[in-house]
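**Student:** structure for this input, please:
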Amino acid sequence: MSVRESAIAILSSWEPPDSGQDSLRHAVLAFVHARADACLRECVPGHVTASALVLDHSGSRVLLTLHPRVGRWVQLGGHCDEDDADIVAAALREATEESGIDGLHITPELAAVHVHPVTCSLGVPTRHLDLQFVAHAPAGAQIAISDESEDLRWWPADALPDGTDQALAHLVARATGL
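**Tutor:** Residues are numbered from 1 along each chain as shown. The predicted model follows:
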């Protein structure tokens, strides 16, 4: 199954927790249905991205990256690659690359959808239609900052950094039950 096909399948079967998420689900699903290139970064009107909120083995801490372009702490994630097996594999690959953690376990059910404006590495203003998942790190996991991050650190799930985006706070609450 391709990344696009898996995104359609996951969005079609997902039962969102609220009307706002359901509205985003419908909008992103319509976009992905309408565009064969919806999961490719070259799709200028917007493109699907995949992210994962990484929890430590206890589920009490979240791993966040200080994103250089955005200038704030966010979950790990990014663009889909053509060789990703599906959208879940894309989220797992991004989380592994950006955390340096081997052995992440990703939950294949969608946790949230978020749409935000961004100027990508191609220099063109666009939108990311982010499909968000939750991953768990093994006990004793060691993190390593990638070249895609200014900083990387564990944060208590109930004490996120100042300036945390409301969508990230919502994702953390969904993932941890806070």
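**Student:** sticking with the spatially most central residue of the chain, tell me its helix or strand.
**Tutor:** When the chain is reduced to its mean C-alpha position, the nearest residue by Cα atoms, centre = their mean turns out to be Ser51, at 1.6 Å. Ser51 is located in strand 47-55, with elements delineated by DSSP states H and E.
**Student:** Ala135 too?
**Tutor:** Element membership of Ala135 [criterion: DSSP H and E] is strand 125-136.
**Student:** and Ala52, what does it touch?
**Tutor:** 75-77, 91-92, 94-95, 104, 106, 132-135 (Cβ atoms under 8 Å, 6 or more residues apart in numbering). For every residue, glycine as well, the C-beta is placed using N, CA and C.
**Student:** confidence score at it?
**Tutor:** Here the pLDDT value assigned to Ala52 is 98.
**Student:** ok, Val70 next?
**Tutor:** Listed pLDDT for Val70 reads 76.
**Student:** list the contacts for the residue nearest to it when sequence neighbours are not counted?
**Tutor:** Nearest non-adjacent residue to Val70, counting by Cβ to Cβ, 6 or more residues apart in numbering: Val118, 7.5 Å away. Shown here is Val118, whose contacts under the criterion Cβ under 8 Å, 6+ apart are Arg69, Val70, Pro125, Thr126, Arg127, His128.
**Student:** and Val118, what are its bridge partners?
**Tutor:** Here Val118 shows beta-bridge partners Thr126, assigned using DSSP bridges.
**Student:** show the pLDDT at it.
**Tutor:** 81.
**Student:** repeat that for Leu122.
**Tutor:** Reported pLDDT at Leu122 in the predicted model: 66.
**Student:** any idea how far Ala9 is from His114?
**Tutor:** Between His114 and Ala9 the computed distance is 19 Å (Cβ to Cβ, to the nearest Å).
**Student:** right, I mislabeled it, should have said Asp165
**Tutor:** Separation of Asp165 from Ala9 (Cβ to Cβ) stands at 27 Å.
**Student:** more neighbours, the two?
**Tutor:** Between Asp165 and Ala9, counting by other Cβ atoms under 10 Å, Asp165 is the more crowded of the two (16 against 13).
**Student:** tell me who's in contact with that one.
**Tutor:** Listed by Cβ under 8 Å, 6+ apart, the contact set of Asp165 reads Arg72, Val74.
**Student:** the chain should start at 599 in everything you say after this.
**Tutor:** From this message on, residue numbering opens at 599, which makes the last subject Asp763.
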